[in-house]
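Trainee: need coordinates for the following:
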Amino acid sequence: MKLSECLNAADIRTLQRIAEHYELGCSRHSKLDLLQAILFAFGSRSFVEQHVADWGRGREAALLRLVMEGRHVFSAEELEAYFHGSAGAGAGTPELRLMRPATTSSAPVGEPAGPPGSWLDELTGEGWLFGTTHFGSRLMYCVPVELKQRIRAELLKRLSDRVRSCEQGPLTYREEAQAMARDLDVFLEYVRNHSVRLTTEGSMYKRNLQQVLELLEVAEEPLKGGWRFGYGRRFHDYPDRFALIYDFAYHQHMIEERDDGFLTVTNECQRWIQASPTDRQQSLVRFYLQLYRRAIARLPLVAQVIAHVAIRWVHGPSMMEQLSPFVNEYYYDSQEQVWNTRILKMLMHLGVIRLGWDEAGEPWFQMTKLGQQLLTPDAIPQTVDEAQERQRILIVQPNFEIVVTADQPLVTAELSTFAELRQAGVVRVYRISEDAVRRGLAGGGTVSGWLEFLQRHAQTPVPGNVERTLKEWEKVLDVTDGTLTS
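Mentor: Next up is the predicted model:
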């Protein structure tokens with residue numbers, strides 16, 4: 001809806017509050033006079049630029065998140081999650097704090113006072129948010145289209161002004177363009193032309209993996225131990241870049257982990273080969289954003305901001321400082337590691353940015369022309385349902401342990417049907433075992449049902465070895481007349 005439509009649909013008390021807030025010189029008893037005065041005031045670009053600072057005071061990060069959304073209508077519950085909490089932003093990352101100037105070492109936390117109705121009244125009284133039933137019988141809230149565009153432009157300009165940038169970047173930098181798509185072709189060709197056996201956990205044997213990695217344009221070494229989870233189905237088995245390539249191929253059904261222990265290609269490869277270079281690369285970017293946002297909740301927003309701000313070379317640490325409300329630490333990854341390794345490095349692998357380091361060893365990056373083509377609105381995943389995300393309380397680990405991060409009896413009751421409780425307390429730990437699965441199958445459960453349950457309630461993808469082992473146990477354990485045989 002446009003501002004004129006929102007004002008016309010608003011009641012006179014809303015218009016009076018807006019006029020009083022800005023001390024507009026018009027009759028407070030004529031809706032027409034109020035409407036014309038507000039339209040005239042908000043029609044001035046300087047007026048909006050002047051007041052964006054007031055609208056964002058104590059809530060700039062939340063306001064930026066709101067105006068970067070692809071939609072214009074929000075429920076009261078969604079607005080409360082944006083402005084009155086930090087749902088999904090990551091532990092210890094208050095989403096309401098101001099994005100701070102680069103010279104400041106800390107930032108205040110802005111918290112709307114009073115019950116939800118009071119702060120919603122405050123937002124609607126500022127004239128950039130309107131309650132409406134235009135989209136159904138339920139009361140929703142709308143940001144007028146032209147105001148949203150102006151607010152977004154001003155917030156991004158303010159953020160850009162606080163970030164160090166320059167025209168000339170480091171003397172040496174890396175730019176991988178469409179190398180990932182080409183390396184996926186190489187991987188598929190290798191699997192097609194070789195007999196690739198899988199371990200009992202479903203991963204490639206080291207000999208095959210080493211041969212594949214040596215053929216790729218971008219070199220990576222096989223993993224040498226360490227605890228890894230959260231960024232993909234096979235992230236614990238393969239190095240970062242190849243893990244994304246493998247998971248993408250599996251998700252697109254181009255490869256199959258067969259029951260006889262072999263990895264093979266499928267006919268879906270033909271569709272991938274026939275796609276245009278830009279479409280292939282964009283599908284990789286879209287998959288990355290969808291996969292990694294399970295661990296980095298605000299990743300799509302971060303990618304959008306980078307696309308707008310990094311037209312020039314941008315100093316990595318100063319950009320991370322501005323985006324810190326949206327970049328959460330993730331268990332074994334610090335906030336800095338998430339930013340440098342999971343975001344900047346992966347965007348470089350995907351051809352979205354070029355990445356270099358200055359003499360002090362600090363990273364600088366810039367959007368590529370390809371990146372500007374790839375990060376289009378349709379490449380950004382749709383906003384997730386906040387209520388649904390709060391149901392994701394399970395962390396499924398490659399060692400078959402499941403950490404329960406919140407108290408939801410219905411979820412733990414279902415989990416206990418195929419996993420054993422190993423640790424009680426505020427944070428519970430369950431473990432999937434063959435005995436527990438045997439008991440669950442005897443009780444009428446199914447592995448497909450349990451995997452669907454885990455996908456629905458897990459914060460990150462179910463590790464491939466867990467998925468494969470569960471399916472194998474189901475085949476081995478045969479339930480007949482209540483008697484289990486193996």
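Trainee: separation between Leu375 and His253?
Mentor: 26 Å (Cβ to Cβ, to the nearest Å). The way it works is simple: take the backbone N, C-alpha and C, and place the C-beta from them, glycine included.
Trainee: who's more crowded, those two?
Mentor: With neighbours defined as other Cβ atoms under 10 Å, Leu375 and His253 compare such that Leu375 has more, 24 against 12.
Trainee: can you pull the contacts of that one?
Mentor: Contacts for Leu375 (Cβ atoms under 8 Å, 6 or more residues apart in numbering) come out as 285, 303-304, 306-307, 352.
Trainee: hmm, try it at 7 Å
Mentor: By Cβ atoms under 7 Å, 6 or more residues apart in numbering, the contact set of Leu375 is 303, 307, 352.
Trainee: in helices, which of the residues you listed fall?
Mentor: The helices, defined by DSSP state H, take in 303, 307 from the contacts of Leu375.
Trainee: can you put the contacts of Leu375 in CSV and add neighbour count, pLDDT and distance to Val145?
Mentor: Listed next are those as CSV, based on neighbours: other Cβ atoms under 10 Å; pLDDT from 0 to 100; distance: Cβ to Cβ, whole Å:
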residue, neighbour count, pLDDT, distance to Val145
Ala303, 25, 96, 23
Ala307, 20, 95, 20
Val352, 28, 97, 27
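Trainee: of the contacts of Leu375, which is the nearest to Arg431?
Mentor: Ala303 (36.0 Å; Cβ to Cβ).
Trainee: what's the domain layout of this protein?
Mentor: Using automatic domain parsing, the domains assigned to the chain come out as 3-161, 179-274, 282-379, 391-485.
Trainee: okay if I get the ones you listed as CSV plus distance to Gln168?
Mentor: Shown next, in CSV, are those (distance: least, Cβ to Cβ, whole Å):
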stretch, distance to Gln168
domain 3-161, 17
domain 179-274, 24
domain 282-379, 7
domain 391-485, 39
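Trainee: point out the most buried one among these.
Mentor: Comparing these by mean neighbour count (mean count of other Cβ atoms under 10 Å), domain 282-379 comes out on top with a mean of 20.
Trainee: hang on, the earlier thing: among the domains of the chain, which comes closest to Leu171?
Mentor: Proximity to Leu171 (Cβ to Cβ) singles out domain 282-379 among the domains of the chain, at 7.7 Å.
Trainee: output the contacting helices and strands for the helix or strand harbouring Leu79.
Mentor: Using DSSP states H and E, Leu79 sits in helix 76-83. With contacts defined as 3 or more Cβ pairs under 7 Å, 6 or more residues apart in numbering; DSSP states H and E, the packing partners of helix 76-83 are helix 60-67, helix 116-125.
Trainee: and those helices as a markdown table, adding mean pLDDT?
Mentor: Output for the helices and strands packed on helix 76-83, formatted as a markdown table (pLDDT from 0 to 100):
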| stretch | mean pLDDT |
| --- | --- |
| helix 60-67 | 92 |
| helix 116-125 | 78 |
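Trainee: helix, strand or coil: sort out Arg422 for me.
Mentor: Arg422 falls in the strand class when you classify it by DSSP: H, G, I helix; E, B strand; the rest coil.
Trainee: where are the low-confidence patches of the stretch 1-150 of the chain?
Mentor: 85-117, 134-136 (pLDDT under 70).
Trainee: for it, just list every one of the strands.
Mentor: Along the stretch 1-150 of the chain, the stretches classed as strands by DSSP state E, counting those that start in this stretch are 73-74, 130-132, 140-142.
Trainee: quick one: closest of those strands to Tyr82.
Mentor: Tyr82 lies closest to strand 73-74 among the strands of the stretch 1-150 of the chain, at 7.7 Å (Cβ to Cβ).
Trainee: contacting residues around Val462?
Mentor: 396, 451, 454-455.
Trainee: out of these, which sit inside strands?
Mentor: Among the contacts of Val462, DSSP state E puts Val396 in strands.
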